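Student: have a look; sequence and predicted model below, questions after that.
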Amino acid sequence: MNNPTTTHHPWRDWPGLPIAALLALPSLGQAAGFALIEQSVSSMGTAYAGSAAAAEDSSTLYFNPAGMTRLPGTRASVGLHAINTRAEFDGGATFGLTGADIPGGDGGDAGALNTIPHLYVTHQLSGQSWLGLAVNVPFGLATEYDDDWFGRYHAIESEVSTVNINPSFAVRLNPKLSLGLGVSAQYIDAELSNAIDYGSLNLIPASQGGLGGALGPAVGPGGADGKANLEGDAWSWGWNVGVLFELSDRTRVGAHYRSEVDQDLDGSAKFATPGGPLTTDVEASVDLPATFSLSLVHELNAEWALMADYTWTGWSSLPELRFDFANGLPDGVTTLEWDDTNRYSLGATYTPAGSVWVFRAGVALDETPIPDAAHRTPRIPGDDRLWVALGAGYSPTKHWRFDFGYAHLFVDNPEIDKPATPGSEDFLRGALVGSYDASVDILSAQMEYRFD
């Protein structure tokens, strides 16, 4: 634990402060968790069907490094995904202590427009071996509500981003079998905020961890809001392995496993209280999930190809979020109880005879790890998602290739029903009940240069 830094004032020693710290705990969740599959533009056109077996370009490095053995010479590609999320809440909130309505608005559109880049380089060392380097963003989230919305005690701003640096090696063991291995250095940065209801704490006796009327008898629920802001970052590492079976000239199967990454974040927790600011160190552990993919690509003829993919994600690695505060504050725990998820996708490509174009389409069903409405939080309001994707590739010369893609994600009306029962972690955050009108649109572009 790092040495804490604090601004000293009488609030530090009040028994209500540990409870206030617990109220500041963030929670994470969204449809398909907060993993970002948007790591290839060519694969996005088929809704990522066949992504572990397609090996069309150097973006195969993320989905299966064994696919490098289908890429002669040296190649480099860069891509950018513009992801626009929409999440508009309709519902209400009540104070846990009195059951009265929490004043405020609906928070506005909590979604945002964000860009996700990636960079890939592959190099053929010999007739049987390849090296590759991938730099991308495998996890991330961003939501933000108005400061005065009625769910402010649950969430205001949530932002998590990662950067993954992943060198890989691939070898062709025989004409039909290739193996790829990689290691990852991964950086994570997080910032989360929410309001704190010191007014409710004021009505709780000091012997029970409240403020016991210290703010005066007229101050009740919603009468003395504060704010908590948590920031932290960390580096960690992981690994990945993939195999590619080329069953024939027209059919190939790919399998890929990417390991769990255990991140131990160090940072600070800043509280705005009625008595002044307080800052203390905080630590949190987040076990980012492992994934396994199995993909099939079958070329019907020179023009048409079909592909399919199944991806499992081990979100049960996040049963809870635990925050270890310095300066004697007790650990804070937010229960998640996330489930492992499955993703299913089907796609097709069409390459007209003699054309420099290829056209793509795909659909996918992406399950959410969130088990029920009681475990869904406004930080990332999501549910099962249905993907509909289109794409195209253009190769004007043997050296240049350009890919474009668009996807619309239909989100299955996420519902929140968080009770504020006495003794629960949401008691002083208040009950929050309602549903979201949510959707996602993705527009992507990628270019690759072939040096051979």
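Tutor: That came through fine.
Student: hmm, residue 48 is touching residue 309, no?
Tutor: Yes: between residue 48 and residue 309 there is a contact under CB atoms under 8 Å: 6.0 Å. From N, CA and C alone the C-beta is placed, and that goes for glycine too.
Student: gap between stretch 407-419 and the chain center?
Tutor: 15 Å (CA atoms, centre = their mean, to the nearest Å).
Student: mind listing what's buried along it?
Tutor: The neighbour-count check on stretch 407-419 (16 or more other CB atoms under 10 Å) flags 407, 409, 411, 414-416, 418 as buried.
Student: ok, residue 71 - contacts?
Tutor: 55, 57-58, 60, 122, 124, 130 (CB atoms under 8 Å, 6 or more residues apart in numbering).
Student: in helices, which of these fall?
Tutor: If you go by DSSP state H, the contacts of residue 71 have residue 60 in helices.
Student: any weak-confidence spans in the stretch 251-400 of the chain?
Tutor: Counting by pLDDT under 70, the ranges of the stretch 251-400 of the chain that qualify are 328-332.
Student: what ranges do the strands span in it?
Tutor: 251-258, 261-273, 276-288, 291-299, 304-313, 320-325, 332-335, 341-350, 357-366, 385-394, 400-411 (DSSP state E, counting those that start in this stretch).
Student: could you check the second one and say which residues are buried?
Tutor: The reference is to strand 261-273. Within strand 261-273, the residues that count as buried by 16+ other CB under 10 Å are 261, 263, 265, 267-273.
Student: repeat for the fifth one
Tutor: Of the residues in strand 304-313, those with enough neighbours to count as buried (16+ other CB under 10 Å) are 305-309, 311-313.
Student: could you export stretch 299-316 as CSV, CA atoms only?
Tutor: Taking C-alpha atoms only, stretch 299-316 is exported to CSV below (Å, rounded to 0.1, in the frame of the first residue of the first chain):
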residue,chain,number,x,y,z
GLU,A,299,-14.8,-21.0,-49.8
LEU,A,300,-17.7,-22.2,-51.9
ASN,A,301,-16.0,-21.1,-55.1
ALA,A,302,-13.7,-18.3,-56.3
GLU,A,303,-16.3,-15.7,-55.6
TRP,A,304,-18.3,-16.8,-52.5
ALA,A,305,-17.1,-17.7,-49.0
LEU,A,306,-19.0,-18.5,-45.8
MET,A,307,-17.7,-18.2,-42.2
ALA,A,308,-18.8,-18.8,-38.7
ASP,A,309,-17.4,-18.1,-35.2
TYR,A,310,-18.1,-19.1,-31.6
THR,A,311,-16.4,-17.1,-28.8
TRP,A,312,-16.5,-17.8,-25.1
THR,A,313,-15.6,-15.1,-22.6
GLY,A,314,-14.9,-15.9,-18.9
TRP,A,315,-16.6,-13.0,-17.2
SER,A,316,-17.0,-15.1,-14.0
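Student: done for today, thanks.
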